[in-house]
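[1] Can you look at this prediction? I've put the sequence above it.
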Amino acid sequence: MEKIKGFIEHIIYRNADNGYTVLNLQCGEKELTCVGFLKTMDQGETIEAEGAYTTHPVYGEQFRIERYEIVPPGDEAGIERYLGSGAVKGVGAALAARIVKRFGADTYRIIEEEPERLAEIKGISERKAREIAAAVYEKRDAREAMTFLQQYGISNTLSIRIYDHYGPRLYGILKENPYQMAEDIQGIGFRIADEIAARAGVHMDSDYRIRSGVLYTLMQAGAEGHCYLPQNILLRRAGELLRLEPAVIEPQLANLAMDKKLVIKRSPDPEEICRVYTASYYYAELNCARMLHDLNVSVNEEVLPAEEEAILKKIGELQRELDIELDDLQRRSVLESAKNGIFILSGGPGTGKTTTINAIIRFFLAEGMDIYLAAPTGRAAKRMTEATGYEARTLHRLLELSGVLSEESKSARFEKNEENPLEADVIIVDEMSMVDIFLFQALLRAITVGTRLIMVGDVNQLPSVGPGQVLRDIMASERFPTVVLERIFRQAGESDIVRNAHRIHAGDMLPLDNKSRDFFFLERNDVNVIYKHMIQLITDKLPRYVDAEPYEIQVLTPMRKGSLGVETLNGILQRYLNPPSSDKREYTSGDTLFRERDKVMQIKNNYQLEWEIVSRYGIPIDKGAGIFNGDIGTIVRIDEQAGEVTVEYDEHRRVTYLFAQLDEIELAYAVTIHKAQGSEYPAVIMPLLSGPRMLFNRNLLYTGVTRAKNCVTILGSRDTLRGMIDNNVQNRRYTGLADRIRELIP
């Protein structure tokens, strides 16, 4: 890194939220444009900075500041320049000149140690003297805090967050328990807190460190989809993280349980002995089980044969009216949904779920009932609307996401809840396999007893990205009426995508003779050849074949790492699908180069991120909050002067990200199969050459194939494909919802 020194001539732009700043720095005879996260800098101040020179395609040479220190000005002119810059409230250029003329080089000492003497100057009262001193103290405290935090290797961006959150208390936090920052401040996880603590001299076996490490281990397990960990696995994982023996860690579990941060539950599985939950995960499962029990009011009530006969008669009339023929399982689905408070409908592709949902909707409409349709994602809701002809909303919209985080769990807060429930007689939720335990809890809280809840999904799809496996656990509990559709209907059977999906599920090898019109296998065993054919398919062959844009064709891969993983593929595909040009601005964040017109994906739920929809004339016509894990959009603008990137998502929702928030998005020319849940693409390309056995399994292949609407192309090894079909081992998720349900409904 290079070093520079100068005084701040002018601040061109500053983002008030994250401190991203563009300024002019006078370095001797040379004036430099500098950029960086520089919240505590003011005009007129003198700084020493480290960083690197960069060349911006529009604004030319810039110096990107990575670290800096504000230093006293070297002369009286520098002091006057700072005081008169407007940085100190109540002091202008003329007053600054009088102060420096009176006190000279001793001005700073006078302000800090004898501020009452400022009243010696005409125009400064004792009150104003105190106000000037207080303004200088405040800025000095912030500067000293930033300098102090930099000693611990903390970046400017995180330093700003820490100071904004704690203020002067940060010194005590760093001294006593740096791990508190991992709980309080977004962007500081255990690993960063651990590095800071090590520099602060915290011992490896500190109680604070062990407790934070245990909670972090459970949080990481939640990111993998688990709701709990068996105690032995938790101790092993935490031991590896903390580099401590499990015996040293174990006593802290009881302490965390006493602090109500953990729940330790004896397991019905003798191999697990004890299950260890974070409190929020345990009570989410318990609350869901309790609310399902309460909504299941009709199950324990005897439905008289005459009433059942009347329902069946109405179903017969409905078939004649709609000119459809329901099979036995479909008729039973409509009957069970009419009889019960809770009903689950499952089945693979082409088994008639949509026809059944439509029949259920028409049955309840004929009864004069109000119906809400919902799905976990925007794409899934759009597909549900197109399939039924009735409006379907995302669950977040249905529940009216507020954009405010819950103080207790730091998760989403919804306007619809126990006190303000959904006013509907029937709620039908599609793609239930994608719903995690926390979203399900929020949904149940907004449903009153007496409202029917109908859950639809394919239990053989991959489970939700978030923690839990809600649909699978509810079905496994065997406490609620469930119908699994099995028959593949004739028109769906014409699609080899559907036929092959069922072959995969059954463990049967696929015909790879390429006689199909919508399912192709191209044996390619060289990575570079796969790259070449992938690009040809996306840019030339498939858009014409399926009548779609290249951006609509999706590459799905099992992995993130490796030559055919998401990270490598996105770099290659970006080069060919969105090459650099003079009319496209770029910005590099970490290891990722973002370019205008890039296809990107949101990779974490952000309930507070605001979006708006603007008309063709730039007038806002709708706004809201919340962008979610898996949402795909396009970069429409990069503004380096403002430190912002604007992305347009489905339904023309535009979101502006600060540069500091770019860790929430990544390139999406290729995405993992897991991230593609609930989506449907005109064509899917899957490169399958080699990978870990636990990942390359039947369930993953089935999910990838069923994402395609019109065409699937697999590029890779025949042996790998056969191995995935034969491998029915799935990564186990540690969830307890089924057990909680059985406890409440014997």
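    Okay, I see it.
[2] Which pLDDT value belongs to Val276?
    pLDDT recorded at Val276 is 96.
[3] Gly239 too?
    Listed pLDDT for Gly239 reads 95.
[4] How much space separates it from Val484?
    42 Å (CB to CB, to the nearest Å). (C-beta placed from N, C-alpha, C; glycine too.)
[5] okay, the two: which has more neighbours?
    More neighbours surround Gly239 than the other of Gly239 and Val484, with 18 against 15 (other CB atoms under 10 Å).
[6] For that one, give me its contacts.
    Gly239 is in contact with Glu245, Pro246, Ile249, counting by CB atoms under 8 Å, 6 or more residues apart in numbering.
[7] Ok, Glu183 next?
    Ser212, Leu215.
[8] Work out for me the element it sits within.
    Using DSSP states H and E, Glu183 sits in helix 180-184.
[9] after that helix comes which helix or strand?
    By DSSP H and E, the next helix or strand past helix 180-184 is helix 190-199.
[10] Dump the C-alpha coordinates for that next one into PDB.
    Only the C-alpha atoms of helix 190-199 are listed here, as PDB (Å, rounded to 0.1, in the frame of the first residue of the first chain):
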ATOM      1  CA  PHE A 190     -17.500 -15.000  15.700                       C
ATOM      2  CA  ARG A 191     -14.400 -15.200  13.600                       C
ATOM      3  CA  ILE A 192     -13.900 -11.400  13.400                       C
ATOM      4  CA  ALA A 193     -14.800 -11.000  17.100                       C
ATOM      5  CA  ASP A 194     -12.300 -13.800  17.800                       C
ATOM      6  CA  GLU A 195      -9.500 -12.000  15.900                       C
ATOM      7  CA  ILE A 196     -10.200  -8.800  17.800                       C
ATOM      8  CA  ALA A 197     -10.300 -10.600  21.100                       C
ATOM      9  CA  ALA A 198      -6.900 -12.300  20.400                       C
ATOM     10  CA  ARG A 199      -5.400  -8.800  19.800                       C
END
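[11] Does it pack against any helices or strands, and if so which?
    helix 180-184, helix 207-223 (3 or more CB pairs under 8 Å, 6 or more residues apart in numbering; DSSP states H and E).
[12] Who is the closest residue in space to Leu542 that isn't next to it in sequence paired with across the strands?
    Leaving aside its sequence neighbours, Leu542 sits nearest to Ala683 (CB to CB, 6 or more residues apart in numbering; 4.8 Å). Here Ala683 sits in beta bridges with Cys711, going by DSSP bridges.
[13] Surely Ala683 is in contact with Leu556?
    No: taking contacts as CB atoms under 8 Å, Ala683 lies outside contact range of Leu556: 10.7 Å.
[14] partner strands of the helix or strand that contains Leu609, parallel or antiparallel?
    Assigned by DSSP H and E, Leu609 belongs to strand 606-614. When pairing is defined by DSSP bridges, strand 606-614 lines up against strand 620-627 (antiparallel), strand 653-658 (antiparallel).
[15] Next, count neighbours for Leu609.
    Leu609, neighbours per other CB under 10 Å, totals 18.
[16] Show the contacting residues for it.
    Residues near Leu609 by CB under 8 Å, 6+ apart: Ala625, Gly626, Ile627, Val655, Tyr657, Gln661, Glu664.
[17] Return the residues in contact with the first one.
    Going back to what we said before, that points to Ala625. Contacts of Ala625 (CB under 8 Å, 6+ apart): Leu401, Ser402, Gly403, Tyr607, Gln608, Leu609, Glu610, Trp611.
[18] Disregarding residues adjacent in the polypeptide, which is nearest to the last one?
    Spelled out, it's Trp611. With CB to CB, 6+ apart as the criterion, Trp611 has its nearest non-adjacent residue at 4.1 Å, and that residue is Arg653.
[19] Does the one you found touch Glu612 like I think?
    Yes: when contacts are counted by CB under 8 Å, Arg653 is listed as touching Glu612 (7.3 Å).
[20] In terms of mean pLDDT, which of the helices and strands packed on helix 190-199 ranks lowest?
    For the helices and strands packed on helix 190-199, mean pLDDT drops lowest on helix 180-184, to a mean of 82.
[21] Now do it: distance to the chain's middle.
    Taking the mean C-alpha point of helix 180-184 and that of its whole chain, the gap between them comes to 19 Å (CA atoms, centre = their mean, to the nearest Å).
[22] If you count neighbours, what's buried in it?
    Buried residues in helix 180-184, counting neighbours by 16 or more other CB atoms under 10 Å, are found at Gln180, Met181, Ala182, Glu183.
[23] Quick check: of the residues you listed, which lies closest to Thr451?
    Glu183 (36.7 Å; CB to CB).
[24] quick one: that closest one and Val470, what's the gap?
    Glu183 is 27 Å from Val470, by CB to CB.
[25] Repeat that for Ala105.
    Here the criterion is CB to CB. By it, Ala105 lies 70 Å from Val470.
[26] So for these two, which residue has more residues nearby?
    Taking neighbours as other CB under 10 Å, Ala105 and Val470 compare with Val470 leading, 28 against 14.
[27] what sits against the more buried one?
    Cys288, Met432, Val435, Asp436, Ile437, Phe440, Ser464, Leu737.
[28] related to what we said a few turns ago, take the contacts of Ala625 and write them to a markdown table, including distance to Pro168 and pLDDT.
    As requested, the contacts of Ala625 are arranged in a markdown table below (distance: CB to CB, whole Å; pLDDT from 0 to 100):
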| residue | distance to Pro168 | pLDDT |
| --- | --- | --- |
| Leu401 | 35 | 85 |
| Ser402 | 32 | 77 |
| Gly403 | 30 | 61 |
| Tyr607 | 30 | 79 |
| Gln608 | 27 | 80 |
| Leu609 | 30 | 86 |
| Glu610 | 31 | 87 |
| Trp611 | 36 | 90 |
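[29] could those residues be laid out in a markdown table, adding distance to Gly450?
    A markdown table is the format used below for the contacts of Ala625 (distance: CB to CB, whole Å):
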| residue | distance to Gly450 |
| --- | --- |
| Leu401 | 25 |
| Ser402 | 26 |
| Gly403 | 30 |
| Tyr607 | 29 |
| Gln608 | 34 |
| Leu609 | 35 |
| Glu610 | 36 |
| Trp611 | 35 |
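[30] Identify all contacting residues around the longest helix belonging to the chain.
    Scanning the chain for the longest helix, with DSSP state H as the assignment, gives helix 126-150. Residues external to helix 126-150 that are found in contact with it (CB under 8 Å, 6+ apart): 40, 42, 67, 69-70, 87-91, 111-112, 115-119, 124, 156, 158-160, 162-163, 168, 170-171.
[31] Dump stretch 134-152 to PDB, keeping only the CA atoms.
    The C-alpha trace of stretch 134-152 is given here as PDB (Å, rounded to 0.1, in the frame of the first residue of the first chain):
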ATOM      1  CA  ALA A 134     -18.200  20.200  22.900                       C
ATOM      2  CA  ALA A 135     -18.300  19.900  19.100                       C
ATOM      3  CA  VAL A 136     -14.500  19.500  19.000                       C
ATOM      4  CA  TYR A 137     -14.600  16.900  21.800                       C
ATOM      5  CA  GLU A 138     -17.200  14.900  20.000                       C
ATOM      6  CA  LYS A 139     -15.200  14.800  16.800                       C
ATOM      7  CA  ARG A 140     -12.000  14.000  18.700                       C
ATOM      8  CA  ASP A 141     -13.700  11.100  20.500                       C
ATOM      9  CA  ALA A 142     -14.900   9.600  17.200                       C
ATOM     10  CA  ARG A 143     -11.400  10.000  15.600                       C
ATOM     11  CA  GLU A 144      -9.700   8.500  18.600                       C
ATOM     12  CA  ALA A 145     -12.200   5.600  18.600                       C
ATOM     13  CA  MET A 146     -11.500   4.900  14.900                       C
ATOM     14  CA  THR A 147      -7.800   5.000  15.500                       C
ATOM     15  CA  PHE A 148      -8.100   2.800  18.500                       C
ATOM     16  CA  LEU A 149     -10.200   0.200  16.600                       C
ATOM     17  CA  GLN A 150      -7.700   0.200  13.700                       C
ATOM     18  CA  GLN A 151      -5.100  -1.000  16.100                       C
ATOM     19  CA  TYR A 152      -7.100  -4.300  16.300                       C
END
